[in-house]
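Asks: Got a sequence here, can you build the structure:
(2 chains)
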There are 2 protein chains.
Amino acid sequence: MENFQRNLSTGEVEIDGSVLYHKTEYKERRDHYAFFSVNADIHGFDTDRESFMGLYNGFNAPQAVMTGTPGNSVAHGWSPIASHYLEIDLAPGESRDFVFVLGYVENAADEKWERPGVINKTRARAMIAQFDTSAKVDAAMADLASYWDGLLASYQVESGDERLDRMVNIWNPYQCMVTFNMSRSASFFESGIGRGMGFRDSNQDLIGFVHQIPDRARQRILDIAATQFEDGSAYHQYQPLTKRGNADVGSNFNDDPLWLILSVSAYIKETGDWSILDEQVPFDDDESKAESLFEHLSRSFHFTVNHLGPHGLPLIGRADWNDCLNLNCFSNDPNESFQTTENQEGGVAESLMIAGQFVLYGREYVRLCNLRGQDDAAAAAQTHVDAMIASVREHGWDGAWFLRAYDYYGKPVGSHTNDEAQIFIESQGFCTMAEIGKEDGLCEKALDSVKERLDCKHGIVLNNPPFTKYVIEYGEISTYPAGYKENAGIFCHNNPWIMIGEARIGRGEQAFDYWRKIAPAYREELSNLHKVEPYVYAQMIAGKDAFRPGEAKNSWLTGTAAWNYVAITQHILGIRPDYDGLIIDPQIPLDICPLKVTRKFRDTEYHITIRAAGTDQTTGMIVNGERVDGHEAPVKSGGHIDVDVAV
Amino acid sequence: MENFQRNLSTGEVEIDGSVLYHKTEYKERRDHYAFFSVNADIHGFDTDRESFMGLYNGFNAPQAVMTGTPGNSVAHGWSPIASHYLEIDLAPGESRDFVFVLGYVENAADEKWERPGVINKTRARAMIAQFDTSAKVDAAMADLASYWDGLLASYQVESGDERLDRMVNIWNPYQCMVTFNMSRSASFFESGIGRGMGFRDSNQDLIGFVHQIPDRARQRILDIAATQFEDGSAYHQYQPLTKRGNADVGSNFNDDPLWLILSVSAYIKETGDWSILDEQVPFDDDESKAESLFEHLSRSFHFTVNHLGPHGLPLIGRADWNDCLNLNCFSNDPNESFQTTENQEGGVAESLMIAGQFVLYGREYVRLCNLRGQDDAAAAAQTHVDAMIASVREHGWDGAWFLRAYDYYGKPVGSHTNDEAQIFIESQGFCTMAEIGKEDGLCEKALDSVKERLDCKHGIVLNNPPFTKYVIEYGEISTYPAGYKENAGIFCHNNPWIMIGEARIGRGEQAFDYWRKIAPAYREELSNLHKVEPYVYAQMIAGKDAFRPGEAKNSWLTGTAAWNYVAITQHILGIRPDYDGLIIDPQIPLDICPLKVTRKFRDTEYHITIRAAGTDQTTGMIVNGERVDGHEAPVKSGGHIDVDVAV
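Replies: Residues are numbered from 1 along each chain as shown, chains lettered A, B, ... in the order given. Purely as a prediction, here's the structure:
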């Protein structure tokens, strides 16, 4: 016989009054079980899926429900479920409450059994007792609400626009917390636990929740950094339970290292906790190779410096942030992963997105060096940043926008000289966030091209025109239907880069307009088209070239949450922590003024009013009644500060 | 971004008149597409699952069907489907035929496109044209029926018992053919293609289809044998497409080698094709290590000889046929596979099942040696067989039945001295099929114990009493709920071993009774309990200790098909090929006489009548009018032979 699949046949349950226990494999090697209880006597139950559903019923019409008759089934093998049957008589106007508890219990090996064959229910009973009355449940729900109120209180806006307030105050930070807890590893849409958490994902997610849970953000940074290699590169993915890198996928996604500078600088700015830089952190999960976190950042920075291509631009490796732009892959075999296959050796493909990223986070690294008093290191690093800016200006400008990359053959990607995909969003986002060529209008010109070529009713598409043919030297990006996913879809994660770029050149109205296009609360009226939940971001919305533009896909677990939160709160509303103070620099349409924002920053609550300057056009900031030059409110210990900003 | 899962977003379709083409990933790396056509003009269609089903409908209530309105949806990404919408007016009594064709096409790389973006439909159109009228379909169906009539014609019984005839003439050989095509690799119930085809499975399956398709059986044998190692052991599983062994699972299932002797001897008996033994066959898939197939059989035989334990009985390795009796595993970790984990080194656990198997197939090996004139090899092998018989008699007899094994500590498994699982079916089956101790009543006694301890209304359970606790030194077998799967379930694969054992000691009535208990046709009247299809064997029926005895699970792809077919046709009806003739030795209840059997054997059609001897009690065989001693009808070239057997 051959029997290498256990889950179809080991299901076991135990029924104890109104509590249904699911104890599959508990008898042998597992130390945990589940239960489902109700705080009332039951008049029947089901624990076997087939008995409950019926042989041929859809999930929308379980037999036990349709016939109103419980099967009183006891599952032995196959698919256990849990269903209570209660008969209730209600007088007109009467209501009754019942508390159902779905729980999970782990027991030590020597505590598994109450008596032979009967599981130890002590912990389950204690858990059920915690919630056995409606009053206890109401109290617990109030505690939970209070916990969330605490988390969300660190940034609250009152704008008069209910949708703006709803996104900023509740749903966007909530989604950031869910993303913190799960990264992509529990996604229904993505491949989930099998691949673990991404190095780049987790660093970016962190900028969306660091203000809510700084202590856990600190630990997350140390966990991530420990999967970095000594040359500065990193395991592309790691397992959240073991915290170890995923060797099956490996390294060589050349944007990965730089994201660590983003997350660490965001953490220090939020908390003022410089001690994190002196923490000893392993390389390659190996304690014997531990160095300070600051040394990790230095390796991140120098990884790019040490991996430049023929134009002085960063080598792209397997892919940069866009996993589907696979410039060294060249795959003809449908069984190959575009991400982990490199059929061409010695690839010299280069990424303008990493170039912009290097300038942006390289400058942050220079600031960290300076603030630590390491002026020589700062000066040396600045030289590399300047050289990169020069390379971008010399080799990365296509005339009206930034190129996206150079391919394996040294041909430009994202150029007007190409037939398809003449312009891409990522390099416009990162080069304008990095303000490369801001002084002579390159940023403005690039963003104007985005508006002209990539913008549409539902958001900003990734590239234009879409690919209609497979381009073997580009890889997966050219395989998707036009207008979907990485092929000219609105990949919501990167839209905020353009919003921030617009804010950097002072075009707050345009930034806010882009933000509203993809913000779920504003898309609620399009729900029949948008389809996914109107309160959380989706990874993608079908772009203007799609068969059905505007349909969204893959909600909840996406880096979109963190980046949109940062764009609206830090760059459009413009309130962002810095190392020595809170920057308040709104880039907004005047017609959404006045606004009030409460921001908890370090020990202090900042009560901020943002208003239009009015007829006398006097803009600027007043802190606790005194005018302050610039945009930075000082740090204070405890209490609160009133800030009035006229824009 | 992280996007390592393609299938949710690459769906693409093309619609051409009444033909719906599914061309997902064809644009890039795949060379195949599917289509669904109908030979009529359509008035609508759907190709997008959500449009067809509706957002919240169960599969039993697609929105397009419930509302009678097609969506005319064109899938771009996610889940393509194909559905035609036809409006038909029928006059009273009128009928109309439509032909729907679901097809699959592969095109060479330079023939993929008709024009840019439009797939080459030449092959699809040719295929559709083959079936574009009802007359063509009727003709094709008649061809198909004729093909099956040819396959099934090699063994046909007329008994007057419609259920016996239905099992023997149609459904059991049909299931054997499906099992030949799929082994377990396409099972809905088992883990499928990921593991490939089993070495032991495929050898056993072969005895159920070798008479229908001897040429393909020959190739299967050569494929299987090529995955054997030089020491006689074998990859436990191999991939049917590459024909290579599965290194992830590896070897060390110590029953594996002996099954090759079963399949090869069955092939030679059926065909008389001794040339197969001289075929050069690789070891370990390595052509440079090729030896004759006969040498492979010798290595199979000597693998057991070279792997004996302290009682002179065969070492069990990871497991014998019962994958769940893991005597060297000792697993406390739920993430470990019971089959591939050996936490104890130097295990001396021994199997009485392999002992019986060695005697049975070892004798076959001796016969092959003798018939090839290798008398010295035959005599040497016979010595080992005799020694094994002696070991079984000395160390393998528990007093009323055969032990099942010795565990890691040298304690007996399947003994009256144990608390649970005092008797197992496998060693009773193999030791009685091998007729060990037949001369002094051990077989009869063992089979009486089976009847007393293991038999129940629904078949013969695997062990008794069932396990109620996890026995770490036994492994997976003790993890299942009592009465299910390997823990006292009726594991239908091994029931025929007892039927054959009963036939070997002349108790045909008991053998036939066991056969009828699990034969699907006889269980049709129990369908509300039995649940699975009443025409194919299931892997398992819940045993007498189960919560719901009689419920069957995992139909279609199971070794049960081949073994039951062999039991009923070769050992109960008693008509089985041998090297030099057709043995006709029915072991049946007299009340099912008279029977007629037509058996095509080599070039000849044997017309066999089996009847009760009648009042004068003259039993025996008459061949073409002449009385023949013994039970073997001679081989003849061409034509037909009349055989009359009185029992």
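Asks: Can you list the low-confidence ranges for chain A?
Replies: Along chain A, the parts satisfying pLDDT under 70 run over A:1-10, A:183-195.
Asks: closest point of it to chain B, which residue?
Replies: Closest approach of chain A to chain B (C-beta to the nearest C-beta) occurs at residue A:58, with a separation of 1.9 Å. The C-beta positions use only the backbone N, C-alpha and C, and glycine is treated the same way.
Asks: Can you classify that residue as helix, strand or coil?
Replies: Three-state call for residue A:58 (DSSP: H, G, I helix; E, B strand; the rest coil): coil.
Asks: Skip the chain neighbours and tell me the closest residue to it.
Replies: residue B:58 (1.9 Å; C-beta to C-beta, 6 or more residues apart in numbering or on different chains).
Asks: residue nearest the centroid of chain A?
Replies: residue A:559 (2.7 Å; C-alpha atoms, centre = their mean).
Asks: now the residue in chain A sticking out farthest from the centre, what's its secondary structure?
Replies: No residue in chain A has its C-alpha farther from the mean C-alpha position than residue A:91, which lies at 49.3 Å (C-alpha atoms, centre = their mean). Secondary structure, three-state DSSP: residue A:91 is coil.
Asks: what separates it from residue A:643, distance-wise?
Replies: Taking C-beta to C-beta, to the nearest Å as the measure, residue A:91 and residue A:643 are separated by 58 Å.
Asks: How about the residues of the stretch 301-450 of chain A by chain B?
Replies: A:321-324, A:331-334, A:336-337, A:339 (C-beta under 8 Å from any C-beta of the partner chain).
Asks: What's the PyMOL line that selects buried ones from those residues?
Replies: To isolate in PyMOL the members of these that are buried, counting by 16 or more other C-beta atoms under 10 Å in any protein chain shown, one can use:
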select buried, chain A and resi 321+322+323+324+331+339
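Asks: Am I right that residue A:550 is in contact with residue A:461?
Replies: No - between residue A:550 and residue A:461 no contact is recorded; they are 11.8 Å apart, counting by C-beta atoms under 8 Å.
Asks: and those two? which has more neighbours close in?
Replies: For residue A:550 against residue A:461, the residue with the higher neighbour count under other C-beta atoms under 10 Å in any protein chain shown is residue A:461, and the figures read 30 against 20.
Asks: Next up, phi/psi of that one, please.
Replies: Here is the backbone geometry of residue A:461 (degrees, to the nearest 10): phi -80, psi 160.
Asks: For it, which non-adjacent residue is closest in space?
Replies: Using C-beta to C-beta, 6+ apart, the nearest residue to residue A:461 is residue A:543, at 3.8 Å.
Asks: Please apply the same query to residue A:23.
Replies: What sits nearest to residue A:23 in space, not counting adjacent residues and going by C-beta to C-beta, 6+ apart, is residue A:33, at 4.4 Å.
Asks: what's the helix or strand containing that neighbour packed up against?
Replies: Residue A:33 is part of strand A:32-38, with elements assigned from DSSP states H and E. Using 3 or more C-beta pairs under 8 Å, 6 or more residues apart in numbering or on different chains; DSSP states H and E as the contact test, the elements touching strand A:32-38 are strand A:19-22, strand A:80-84, strand A:100-106, helix A:122-130.
Asks: Run the chain-centre distance for stretch A:164-182.
Replies: For stretch A:164-182, the gap between its own C-alpha mean and the chain's C-alpha mean amounts to 10 Å (C-alpha atoms, centre = their mean, to the nearest Å).
Asks: Any chance you could list what contacts it?
Replies: A:148, A:151-152, A:155-159, A:205-206, A:208-209, A:212-213, A:216, A:220, A:519-521, A:535-537, A:556-559, A:561-562, A:564-565, A:568-569, A:573, A:592 (C-beta atoms under 8 Å, 6 or more residues apart in numbering or on different chains).
Asks: Alpha carbons of it, as CSV, please.
Replies: What follows is the C-alpha trace of stretch A:164-182 in CSV, where atoms were taken according to Å, rounded to 0.1, in the frame of the first residue of the first chain:
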residue,chain,number,x,y,z
LEU,A,164,-9.7,60.9,4.7
ASP,A,165,-10.1,60.6,8.5
ARG,A,166,-11.3,57.0,8.2
MET,A,167,-8.2,56.0,6.2
VAL,A,168,-5.7,57.8,8.3
ASN,A,169,-7.2,57.2,11.7
ILE,A,170,-8.4,53.6,11.5
TRP,A,171,-8.1,51.4,8.5
ASN,A,172,-4.7,52.2,7.0
PRO,A,173,-2.9,51.9,10.4
TYR,A,174,-5.0,48.8,11.1
GLN,A,175,-3.9,47.2,7.8
CYS,A,176,-0.3,48.1,8.7
MET,A,177,-0.6,46.2,12.0
VAL,A,178,-2.1,43.2,10.2
THR,A,179,0.8,43.3,7.7
PHE,A,180,3.3,43.5,10.6
ASN,A,181,1.8,40.4,12.1
MET,A,182,1.5,38.4,8.9
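Asks: list the buried ones in that stretch?
Replies: Buried residues in stretch A:164-182, counting neighbours by 16+ other C-beta under 10 Å, are found at A:164-169, A:171-180, A:182.
Asks: again, but for stretch A:379-396
Replies: Neighbour counts using 16+ other C-beta under 10 Å place A:381-382, A:384-385, A:388-389, A:391-392, A:395-396 of stretch A:379-396 among the buried residues.
Asks: And for stretch A:467-483?
Replies: The neighbour-count check on stretch A:467-483 (16+ other C-beta under 10 Å) flags A:467, A:470-483 as buried.
Asks: So which of those reach chain B?
Replies: Judged by C-beta under 8 Å from any C-beta, the overlap between the buried residues of stretch A:467-483 and the neighbourhood of chain B comprises A:470, A:476, A:478-481, A:483.
Asks: Show me those that map onto helices.
Replies: Judged by DSSP state H, the subset of these located in helices is empty.
Asks: Nearest to residue A:29 among those?
Replies: Proximity of those to residue A:29 (C-beta to C-beta) peaks at residue A:476, which lies at 40.0 Å.
Asks: Spit out the contact partners of that closest one.
Replies: Listed by C-beta under 8 Å, 6+ apart, the contact set of residue A:476 reads A:323-326, A:329, A:338-339, A:486, B:6.
Asks: Many thanks, I have nothing further to ask.
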